[in-house]
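> Just a sequence and a predicted model for now, questions to come.
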Amino acid sequence: QVQLVESGGGLVQAGGSLRLSCAASGRAFGSYVMGWFRRAPGKEREIVAGIRWSTTDYVDSVKGRFTISRDNAKNTVYLQMSSLKPEDTAVYYCAASLSSFLRGPYNYWGQGTQVTVSS
């Protein structure tokens, strides 16, 4: 079992930056594919970014603005978000996958952290 706890969300003006963190429990963190998802009001949940070892993948809408990274020694995955737009407003979720695929399926989920971008 893996427990995931996100932090770092908040309110930011358009054009600003935030860094989300996700702390994971468990010994095998380095072997998991990790991902960040988001769910905007009235929309389906979508994957934002994934990381497997040093390989990363991003949804087109955040490419060049968001960066996913991980520190296996700290059991933590990060999402650095820059040039934020109002349409980035959503609840952001961290997730862990037992598969080898960046797009999942994902097996474990955090509780989510709210990101609000004001115009």
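Right, received. Where do you want to start?
> contacting residues for residue 3?
Residue 3 is in contact with 24-26, 108, counting by CB atoms under 8 Å, 6 or more residues apart in numbering. To be clear about C-beta, it is placed using only N, CA and C from the backbone, and glycine gets the same treatment.
> and the gap between it and residue 92?
Using CB to CB, to the nearest Å, residue 3 is found at 17 Å from residue 92.
> One more: residue 117?
12 Å.
> and the residue nearest to the spatial centre of the chain, helix, strand or coil?
By CA atoms, centre = their mean, the chain has its centre lying nearest to residue 36, at 2.4 Å. Secondary structure state of residue 36, per DSSP: H, G, I helix; E, B strand; the rest coil, is strand.
> wait, it sits on residue 21?
No: judged on CB atoms under 8 Å, residue 36 makes no contact with residue 21 at a distance of 10.7 Å.
> how long is stretch 57-76 end to end?
18 Å (CA to CA, to the nearest Å).
> repeat for stretch 49-59
6 Å.
> Give me the distance from that stretch to the chain's centre.
10 Å (CA atoms, centre = their mean, to the nearest Å).
> all strands for the protein, in order.
4-7, 10-13, 18-24, 33-39, 46-52, 55-58, 66-71, 76-81, 90-97, 108-109, 113-118 (DSSP state E).
> Can I get the buried part of the contacts of residue 3 as one PyMOL selection?
Filtering the contacts of residue 3 down to the buried ones (16 or more other CB atoms under 10 Å) takes a single PyMOL command:
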select buried, resi 24+108
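> Specify which member of the contacts of residue 3 is nearest to residue 82.
Using CB to CB, the shortest approach to residue 82 within the contacts of residue 3 belongs to residue 24, at 23.8 Å.
> you'd agree residue 17 is up against residue 84?
Yes: using CB under 8 Å, residue 17 makes contact with residue 84 at a distance of 6.7 Å.
> Just grab the bridge partners of residue 78 for me.
residue 21, residue 69 (DSSP bridges).
> how far away is it from residue 49?
10 Å.
> The two: who's more crowded?
residue 49 (24 against 20; other CB atoms under 10 Å).
> Name the nearest residue to that one, ignoring sequence neighbours.
residue 68 (4.0 Å; CB to CB, 6 or more residues apart in numbering).
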